[in-house]
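1. sharing a model that was predicted from the sequence below.
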Amino acid sequence: MLQVDRLELNYGPVRVLQGISFAVEAGSIVALLGGNAAGKTSTLRAISGLVRPNAGQIYFEKEDITVLPPHEHPKRGLAYCPAERQLFPEMSVLENLEMGAYLFGRDGRQALSVVVEKIYTVFPILKARSRQRAGKLSGGEQKMLAIARALISRPKLLLLDEPSLGLAPAMVDQLARAIVDLNADGLTVLFTEQNVPLAAELAQRVYSLERGRLVEEEIEE
């Protein structure tokens, strides 16, 4: 589904990604593991079109999307959920979800309602909080809402940046179960992590990044 080929990315004189290559098969869960400044977030931002690489190619379902603008990615089936959540704190949970629905167009409210109800089955706490302001949610609930908003566009591939960051262990377990359920329903997931046990638990394939280079690949049997 996704092929990253010799990707290079610089921020000024700093070489952030140094020719990395990896693949994500349809229906799989793949993890990019590494510490701070390893290049994990930059990789996802390049795939989602938010930054333009200096060299290399990115293919999604055999289409070269390397220079595709970010607003075109959801139309092709990619969705990106950043680690920072980037919610609208004064808007309700439901209003935040609706903000991810521009692909449905003006006449897409029925389709949106179907997708929202499906998302509520994965994150039932969001249904209970649907009228509550996003800024009043707990950190874990905000992370669930950020993921749910990315799912509104009905992606084929979800790019998920450090889902466990700053969360209590119980909430990490809930998110892990949700990711497994979404994958079982056909969603392909590429996520970054510093939490080694979580990556090992969820992913069929784990790539390790160190200072912009892939240093190890593990495949779970």
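-> Sure, I can see it. Computed from a predicted model, the values in this text were never measured in an experiment.

2. scan the helices and strands of the chain for the one with the lowest mean pLDDT.
-> The helix or strand of the chain with the poorest confidence is strand 213-219; it has a mean of 80 (mean pLDDT, DSSP states H and E).

3. note down every partner strand of that one and its orientation.
-> strand 205-210 (antiparallel) (DSSP bridges).

4. hmm, back to that, can you list contacts of the least confident helix or strand of the chain?
-> Identification of contacts with strand 213-219 by C-beta atoms under 8 Å, 6 or more residues apart in numbering yields 18, 19, 20, 21, 22, 204, 205, 206, 207, 208, 209. Any C-beta I mention is one placed from the backbone N, CA and C, and that applies to glycine too.

5. quick check on those residues: which are buried?
-> Buried by 16 or more other C-beta atoms under 10 Å: 20, 22, 205, 206, 207, 208, 209, out of the contacts of strand 213-219.

6. can you redo those as a markdown table with pLDDT?
-> Output for those, formatted as a markdown table (pLDDT from 0 to 100):
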| residue | pLDDT |
| --- | --- |
| 20 | 96 |
| 22 | 96 |
| 205 | 93 |
| 206 | 94 |
| 207 | 94 |
| 208 | 94 |
| 209 | 94 |
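
7. tell me the one among those residues nearest to residue 161.
-> When the buried ones among the contacts of strand 213-219 are compared for distance to residue 161 (C-beta to C-beta), residue 209 wins out at 12.9 Å.

8. for the closest one, which non-adjacent residue is spatially closest?
-> Distance criterion C-beta to C-beta, 6 or more residues apart in numbering; nearest residue to residue 209, sequence neighbours excluded, is residue 34 at 3.7 Å.

9. just residue 195 next, same as before
-> In space, residue 195 is closest to residue 164, 4.7 Å off (C-beta to C-beta, 6+ apart).

10. same thing with residue 162?
-> Distance criterion C-beta to C-beta, 6+ apart; nearest residue to residue 162, sequence neighbours excluded, is residue 83 at 4.3 Å.

11. residues near the one you found, how many?
-> Look at residue 83: counted by other C-beta atoms under 10 Å, it has 18 neighbours.

12. just confirm it is within a strand.
-> No. According to DSSP: H, G, I helix; E, B strand; the rest coil, residue 83 belongs to no strand; its state is coil.

13. that one contacts residue 45, doesn't it?
-> No. If you go by C-beta atoms under 8 Å, residue 83 and residue 45 don't touch, sitting 10.9 Å apart.
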